[in-house]
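Trainee: Okay, here's the prediction I keep looking at, along with the sequence it came from:
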Amino acid sequence: MREVASESPGPQGSIHHLEIWVPFLERAREEWGWLLGELGYVPFQEWPTGCSWKLGGTYVVVEQTDAATATTHRRTDPGVNHVAFHAGTRENVDRIRALGADAGWYEMFESKYPHAGGPDHYAAYLLNTDSYEVELVAD
């Protein structure tokens, strides 16, 4: 079992951590590790069934657990549909989008890029091999 990090509290309402149960840990480690690294996260914790990356007071966990009731993630089922990250400049969103497919992250809504979320919203929507969606939002 992993040890939960002790740290100073963040602002009320901010996300402390996000835990994502995955069907294949090694693939998740590669795909999520690449994406989170591009967003400024650094490796944080590691244990036999999972790992995490940290940025400021927030960390993201991927874990392959026997408690999972399926081996397929379906973002269209009830529950969390996607996670949106601040991705910095428009140029950085463009850069990550361009490199994503080589790291297991495939573009969604390509014909509407970068305004799939509306004319005043600059973002890339990516889907990984296990069908987890992320939205990379330009500041």
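Mentor: On my side now, so go ahead.
Trainee: contact partners of the helix or strand residue 125 falls within?
Mentor: Residue 125 belongs to strand 123-128 when assigned by DSSP states H and E. Here strand 123-128 makes contact (Cβ atoms under 8 Å, 6 or more residues apart in numbering) with 31-32, 35, 75, 82, 84, 87, 93-94, 96-97, 100, 104-109, 113-114, 116-117, 133-138. In this view, the C-beta of every residue, glycine as well, is placed from N, C-alpha and C.
Trainee: so how far is it off the chain centroid?
Mentor: With Cα atoms, centre = their mean, to the nearest Å as the basis, strand 123-128 stands 10 Å off its chain's centre.
Trainee: For it, which strands pair with it and how are they oriented?
Mentor: Strand pairing for strand 123-128, determined by DSSP bridges: strand 105-108 (antiparallel), strand 133-137 (antiparallel).
Trainee: relative to its centroid, which residue of the chain is most remote?
Mentor: What lies farthest from the middle of the chain is residue 119; by Cα atoms, centre = their mean that is 24.0 Å.
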